[in-house]
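J.: Got a sequence here, can you model it:
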Amino acid sequence: MTRETVVGIQPAVMRWARESIGMSVGDVAARMKRQTADIEAWERGDSAPTYAQLESLAYDLYKRPLAVFFLPAPPKEASPKQEFRTLPDEDIASLSRDTYLHLRRARAYQLGLEELYEGTNPARSKIWQELKLNLGDNLPSQAHRIRAALGINADVQASWSRDEEALRAWREAIEKSGIFVFKDSFKQEGISGFCLRDDEFPLIYINNSTTKTRQIFSLLHELAHVLFDMNGISKFDTSYIADLPQRAREVEVFCNAVAAEVLIPSATFERLTQGGPYNIDGQPDTFFSNLARTFGVSREAVLRRFLDRGRATKIFYETKALEWTQQKKEGAGGGSWYASKGSYLSDRLLRDVFSRHLRGQLSQEKAADFLGVKASQIPGLEELVLRRKSQ
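T.: Predicted coordinates:
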């Protein structure tokens, strides 16, 4: 019985399910241990999978409910190519299955936020409604307005002693302004992060598989996208920007410039470096480390500022950036699953879900739905949240 093929599957839905997660026919064939011709036949309707094979496709590969395969036509769902104009078509086509799953998870979080807060963002001040970026306006002035809106000035920034503290502070400030921030480890390491715009629940999602200082830059880059009122998906290697259409290229360059100016305001940078040598090639690492600590950024970000001003050569910048990246690669570590998950989830979402759960307004199962975890994992996350509150 289990070897009989399933009746009623629409070939178009089979093809859509595969394409919507960025897999090729060859990818599916390899994972299913089938011939490519078998997968192609399923998608043409010349044959069909067995029930066991359909379950494997639905639950293991495509991460879709089984019922979706019996729909008369593919459901309407925006593709990355339609949603994101900040990557060239070639880069969009090369997004991995893991990245597609992160994008889908982010959309699920957005729907959950809308349900949890009954369609109204709980933030008192919504930065994306009060502050809009414009390519033609003065860059330092716009960056200053962002810092003011987030409540982060030079004294606050200089008080951070560790990269982790700086990341936490930027993230908390952005969440306080109404934008929900999530993190996760991407298997496609070249992706730095993405954002999803929304009138009430904009969301930023950054790659945790890199240094904290790079995560901070990605966070502010995606914030700039939100303030442009557009979805964005970005890579660490910025060479892709040259292949974008002119408007998209200008926006990406500007978002990078905004992030850099927010992190390291030009006026402060000039004041702190004006007494030093004009060309800083060959300066010891401590020279860059001291400046980096002042702004709570990476040494590479500081060196990039010198490069942009013509005070460092490109060869020196690239050599030191590679050296520092190799030094600062952070291992996966052996921390608890609950601590990792707690750092990945939006802190505001986590606190509000457990506040309602503890008051009996959300069941354990419903709390798990909002957080995208299993119901059995709720007690462990609850303990984490309560421990944070007591500290």
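
J.: Convert stretch 364-371 to CSV, retaining C-alpha atoms only.
T.: Extracted in CSV, the C-alpha atoms of stretch 364-371 (Å, rounded to 0.1, in the frame of the first residue of the first chain):
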residue,chain,number,x,y,z
GLN,A,364,2.3,26.9,26.4
GLU,A,365,1.4,25.7,22.9
LYS,A,366,0.5,29.2,21.7
ALA,A,367,3.6,30.7,23.2
ALA,A,368,5.6,28.1,21.3
ASP,A,369,3.9,29.1,18.1
PHE,A,370,4.8,32.8,18.5
LEU,A,371,8.4,31.9,19.2
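
J.: list the buried ones in that stretch?
T.: By 16 or more other Cβ atoms under 10 Å, the buried positions in stretch 364-371 come out as Lys366, Ala367, Ala368, Asp369, Phe370, Leu371. For every residue, glycine as well, the C-beta is placed using N, CA and C.

J.: Stretch 64-80 too?
T.: Residues Arg64, Phe69, Pro74, Pro80 are the ones in stretch 64-80 that count as buried (16+ other Cβ under 10 Å).

J.: and if you look at stretch 94-108?
T.: For stretch 94-108, burial by neighbour count (16+ other Cβ under 10 Å) applies to Leu95, Ser96, Arg97, Asp98, Thr99, Tyr100, Leu101, His102, Leu103, Ala106.

J.: Which residues does it contact?
T.: With contact meaning Cβ atoms under 8 Å, 6 or more residues apart in numbering, stretch 94-108 is reached by 20-23, 27, 63, 80, 182, 184, 186-188, 191, 194, 196, 203, 205, 372.

J.: are any of those buried, and which?
T.: 20-23, 27, 80, 182, 184, 186, 188, 191, 194, 196, 203, 205.

J.: farthest pair in those?
T.: Farthest pair in the buried ones among the contacts of stretch 94-108 (Cβ to Cβ) is Asp27 and Leu203. Separation: 27.9 Å.

J.: Following element in sequence after the strand or helix carrying His144, please.
T.: Assigning secondary structure by DSSP states H and E places His144 in helix 139-150. Using DSSP H and E, the next helix or strand after helix 139-150 towards the C-terminus is helix 154-158.

J.: Does anything pack onto whichever helix or strand comes after that next one? Which helices or strands?
T.: Going down the chain from helix 154-158, the next helix or strand is helix 163-176, by DSSP H and E. For helix 163-176, the elements it packs on are helix 139-150, strand 180-184, helix 212-227, helix 347-358, judged by 3 or more Cβ pairs under 8 Å, 6 or more residues apart in numbering; DSSP states H and E.

J.: Tell me which of the ones you listed sits nearest to Tyr117.
T.: Within the helices and strands packed on helix 163-176, the stretch nearest Tyr117 is helix 347-358; the backing value is 7.9 Å (Cβ to Cβ).

J.: Not counting its own residues, what contacts the closest one?
T.: Helix 347-358 has contacts (Cβ under 8 Å, 6+ apart) with 109, 113, 116-117, 122, 171-172, 175, 180-181, 342, 362-364, 367, 370-371, 378, 381-382, 385-386.

J.: Can you flag the buried ones in those residues?
T.: Buried members of those, counted by 16+ other Cβ under 10 Å: 109, 113, 116, 171, 175, 180-181, 342, 362, 367, 370-371, 378, 381-382, 385.

J.: how about CSV for the buried residues of stretch 94-108, with distance to Leu322 and pLDDT added?
T.: CSV is the format used below for these (distance: Cβ to Cβ, whole Å; pLDDT from 0 to 100):
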residue, distance to Leu322, pLDDT
Leu95, 25, 94
Ser96, 24, 94
Arg97, 29, 95
Asp98, 25, 95
Thr99, 25, 95
Tyr100, 30, 95
Leu101, 30, 95
His102, 27, 95
Leu103, 30, 95
Ala106, 31, 95
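
J.: Among those residues, which ones are in helices?
T.: Residues of these located in helices (DSSP state H): Arg97, Asp98, Thr99, Tyr100, Leu101, His102, Leu103, Ala106.

J.: related to what we said a few turns ago, quick one: which of the contacts of stretch 94-108 sit in helices?
T.: Among the contacts of stretch 94-108, the members found in helices (DSSP H) are Asp27, Pro80.

J.: can you give me the helices in the stretch 251-391 of the chain?
T.: Under the criterion DSSP state H, counting those that start in this stretch, the stretch 251-391 of the chain contains helices at 266-273, 285-295, 299-308, 314-328, 337-344, 347-358, 364-371, 378-390.

J.: same check, this time on the stretch 1-150 of the chain
T.: Secondary structure of the stretch 1-150 of the chain (DSSP H, counting those that start in this stretch): helices at 11-19, 25-32, 36-44, 51-55, 80-83, 89-93, 97-116, 127-130, 139-150.
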